[in-house]
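[1] compute the structure for the input listed below.
(4 chains)
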Amino acid sequence: MIVTFDIIILVFLVLAAIIALSVKDLLAAAMVFGIYGFLICLLWAEMGAVDVAFTEATVGAGVSTVLIVATVLNTRRRSTD
Amino acid sequence: MQAFFQEAVIPHFNFWIYVVIMMIGLWSVIAKNNLVKKLIGLSIFQTAILLLYVSLGVKEDATIPVVESGVLAAYKETSATTDKKAAPAIHPDRYANPTPHVLMLTAIVVGVATLGVALALTQMIYKDFGTLEEDEVLQKIKALHEDV
Amino acid sequence: MKAKIFASIAVVITGAILLYAVIDFPDFGDPGSPPNAGVPGGAPAASRYYIQNTYRDSKVPNLVTAVLADYRGYDTMFETVVILTAGISIFAILRVVRRDDDPSAPEPVASDRTIDGDHHRIIVGITCRIAAPLIQIFALYVVAHGHYSPGGGFQGGVMLGASFILLALSGSLRETLARFSERDYTRLAFVGILIYAGLGLLPMWVGRNFLDYGALSGLFMTKGEEMARSHSMLGVEIGVAITVMSIMFAMFANLSTRGRLQGGL
Amino acid sequence: MSEHLPALVLLAPLFGTLVIGLFGLRDHRVCLPVTLSCLAVSLFSAIGLILRVSSGGPVDYFMGGWEEPLGIGIQLRADAINSPLLVVIAIVALLAAVFTIRPAGERDSEKTPYFYILFLLLSVGLFGITITADAFNVFVLIEVTALSSYGLVAIGSSKRCKVAAFHYLIMGTVGASFYLLGVGYLYLKLGSLNMQDIHTILASNENLADSRAIRTAFVFILVGIWTKMAFFPLHGWLPNAYSYSPSGSAAILAPLVTKVSVYVMVRMMVSVFGLDQLEANVEWGHFVVWLAVIAIVAGSMMALAQREIKKMLCCLIIAEVGYMVGGAWLGDPQRWGMTGTLYHILADALMTSCLFLAAGVFAKWLGAVKLEDLSGLFRKMPLAATGFVIGGLAIIGVPPTCGFYSKFYLIRGGIESGQWIYVAALIGSSLVNAVLFFRLFEIAYFGKNPVASHAHGHGHGDDGHDHHETPVVRREPPLHALLPVLVAAALLILLGIFNGPVVEFIRTGLIETATVVSTGR
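    Next up is the predicted model:
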């Protein structure tokens, strides 16, 4: 556990969450959500939770993003909010 | 003010941020109109809870919860001489707490399962109503109701 | 607008309650906090028991794997069941089956893309075809080596599923389905749970509790109960990996084609 | 084998899903027999558990044999509070399964095996929630239940059921996450997840129980569970989800999911936080009873406004949840309120089952969706109508049905604790129910227009299969649809007649649990 690293990732995490929820292009939102997943994976690794980090890297940053992208491509890309 | 920061914010920094992330997620679940946006918010909401749990298992100066081979060798030596129930040689503060990690593995998997089902529902709603915006879906349902 | 005001009120109230409690939390990184050490004056926390005794009980150095598959194996079984439930729910919601006597069913898509003959995709497609087996081998390593290093059934299973997803994304879904068909993955999803629950059921024959792997030393021909636990954990992780792999690919296949399993992204 | 009964209750349906998954997808004829036999095994195990509990006290079962020290493994525990509920879950699931038998000649759907798999997974989840003694395990099983119920709601072909399922999913996930958050707060203060262990620690440290984190934990667990049980301000998902789902799904979802959530709340109050602890904070109890009163009034008012049978029944569920939450929080020293709640969980599960099964029968064989569609019901289906009437009388609270006795115990608790407003709400709601159902009975008995099966649906999946406008005098549904209704009605009367022993069993067990736990095992 390294506190500086911890704080930096946490700040980026909040930023990524806000961006993912505020962009109007859903494909971009899905991508930023992938970034969010990857950042949180880094955070787990930094906190010593390696198994959780591994799972988050495969599930959170990988499969979840792919599923959202699949849905967005099959529906509509623009959103009003 | 500085005392407050010293006592309440700095040692609990992770816990403050987890509340912030959780509230961002919760706000978008309720307020966002687009169904996919709602689901992204829901996922962020769930990861905030993971952040709480994993932060609980952190110990200062501890390593990852995998026992190293050197420690294992020492452990074998002590346990060979004494009986099985004797005090173990592995120091508990040396490793991060594994319990929250196990719980959160479960929660991550539950999260992706929920997301998958929700996306399937979103696609069906789009197929039936031709839109992903919640207010438009509700309007069309109302129209459907009045037709009958 | 109404939703936004309501959301803001709800968030402010919830956030206030949460922040009200944060002050009461143990310090971040404190080894003596209740989850890490137990309540002062009380019995030591379960996590302390895990760290000290896992190796004695099951000869598994990775504490997370041991707790996941053995001490709290019942949770993990239902976690796998959650994945299965999600997969089945997606089939139930989304899957469109074409029946010959049903005129409303969708027509089969005539132009199903393959990577051959599509110049834009050929480099990506071939590269991913080469990469997929390597990913799968690494995933098998992750499953098998979960006792000694980070990893295990979930991670390995998701990676195995991801290798098929990669094939379907870069090449065509039809070719991937020819290798890993709908019938296969639905069956395998249940086989995985069957391995897990069946392995848990075996100890009940000799009068031990469900999931008490120590009773399986006869089956695995090990000397003590510890190694029997270790081997059973591997079996259980393999079951988890099979289910997770199947359902992850099934989710992608259904979501990317709106349940038709034709065309793809 | 008898020591494995707690595990057997939920392993039987789990292995049933595997059998259906491996063989039933090919051959759909496998599904129903497997479902019925697995649920029968569960039923017998649950009855065996009741017998063991009544002879030898609570039955513990440690998964994986991890018994010592307490809290390292996962514990199952059957006691007087949950073993009757296990039996009722098995019975209701069995009745719903019998109801789903496909009538001869009806087209088989490709999704039939998926329906039965989800059905069995739902019952696995419900059994698991009921019997477990681990706070985190409850979360995992809540998610099993939730995901299978989203599938069951959305499996129909109507457009609206998808939207209803989506809202249900959002609310359900937020609720489950709040529950998880609450468990996290408990864990960070107490370092344990085992309910018994948590309670021992809480009872031994007095200042711990008053700390901010524990209070917040309690609040979040309650709010999460309330969302799951559709307690009044959080009820938004329920009416649409249950009324637009197919009848077979509604017959198991509506009676069980909310009741099991109420049980979780009771379990949290009795075995985790402890009744003594809660009684020390009387103002919380008063506050929740007020909320419950609002829920009862709101549920009854909404029920009055509904024009559709299923919607009306859903609103009644919301009012009934209000009864149970209020009863659990009355806090009278003799525990009549809590006993009444536990008895009412059983009674209400059977009542709702009876009414939803009957509504399913009417929707399927009469095409009746709105209240007026029931006109001439007694001439068309006298037997099914009798079952419906008994269900209605139970929900009004007419002796000798169990509805009367459960209200009797709840009112007794209300009087002993001096919560007059709760008593008034209960009686008022009974009057509203009486108005509602006697209006229905009037339509059904004296209705002028016996031919009412024409354009009615909003795209409902399973109604309106026959549109014969022939004025048939009597057209009972087939036996497999009629039988569950009548069995449920008979059970309502039986449970009412034998209320004495049941209540005695629950109450002694409850008082034992509350005292044994608070003195530290």
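[2] what residue lies at the spatial centre of chain B?
    In chain B, the residue lying closest to the centroid (C-alpha atoms, centre = their mean) is residue B:50, at 2.2 Å.
[3] correct me, but residue D:297 touches residue D:428?
    Yes. Proximity of residue D:297 to residue D:428 meets the contact threshold set by C-beta atoms under 8 Å, at 7.4 Å. In this view, the C-beta of every residue, glycine as well, is placed from N, C-alpha and C.
[4] which of these two has more neighbours?
    residue D:297 (18 against 14; other C-beta atoms under 10 Å in any protein chain shown).
[5] where's residue C:247 relative to chain B, distance?
    Plainly put, residue C:247 is 8 Å away from chain B if you go by C-beta to the nearest C-beta, to the nearest Å.
[6] could you count how many residues lie near that residue?
    30.
[7] surely it meets residue C:83?
    Yes. Residue C:247 sits in contact with residue C:83 when judged by C-beta under 8 Å, with a separation of 5.0 Å.
[8] what helices or strands is the helix or strand where residue D:201 lies leaning on?
    Assessed by DSSP states H and E, residue D:201 sits inside helix D:195-204. If you count contacts as 3 or more C-beta pairs under 8 Å, 6 or more residues apart in numbering or on different chains; DSSP states H and E, helix D:195-204 packs onto strand D:74-78, helix D:159-190, helix D:206-209, helix D:275-280, helix D:499-518.
[9] show me the contacts for residue C:74.
    By C-beta atoms under 8 Å, 6 or more residues apart in numbering or on different chains, the contact list for residue C:74 reads C:210, C:211, D:63, D:64, D:73, D:74, D:137.
[10] quick check, the lowest-mean-pLDDT helix or strand in chain D touching chain C?
    Every helix and strand in chain D was compared by mean pLDDT, DSSP states H and E; the lowest is helix D:206-209, with a mean of 77. Yes. Judged by C-beta under 8 Å from any C-beta of the partner chain, helix D:206-209 comes into contact with chain C through residue D:208.
[11] hmm, stretch C:205-220 in reach of chain B?
    No. Stretch C:205-220 stays clear of chain B (C-beta under 8 Å from any C-beta), getting no nearer than 13.1 Å.
[12] go on, stretch D:237-250?
    No. Using C-beta under 8 Å from any C-beta, we find that stretch D:237-250 stays clear of chain B, coming within 9.5 Å at best.
[13] break chain B down into its structural domains.
    If you go by automatic domain parsing, the domain ranges for chain B are B:2-58+B:97-147, B:65-96.
[14] could you find the closest non-adjacent residue to residue D:37?
    Spatial nearest neighbour of residue D:37, excluding adjacent residues (C-beta to C-beta, 6 or more residues apart in numbering or on different chains): residue D:16 at 7.6 Å.
[15] quick one: contacts for that neighbour?
    For residue D:16, the contact set (C-beta under 8 Å, 6+ apart) comprises D:34, D:35, D:37, D:38, D:39, D:120.
[16] ok, how many other residues are close to residue B:135?
    Residues lying near residue B:135 (other C-beta under 10 Å) number 11.
[17] distance of it from chain D?
    12 Å.
[18] what angle separates whatever helix or strand that residue lives in from helix D:159-190?
    Residue B:135 belongs to helix B:134-147 when assigned by DSSP H and E. Here the directions of helix B:134-147 and helix D:159-190 differ by 140 degrees (axes from the mean of the first three to the mean of the last three C-alpha atoms, to 10 degrees).
[19] many thanks, I have nothing further to ask.
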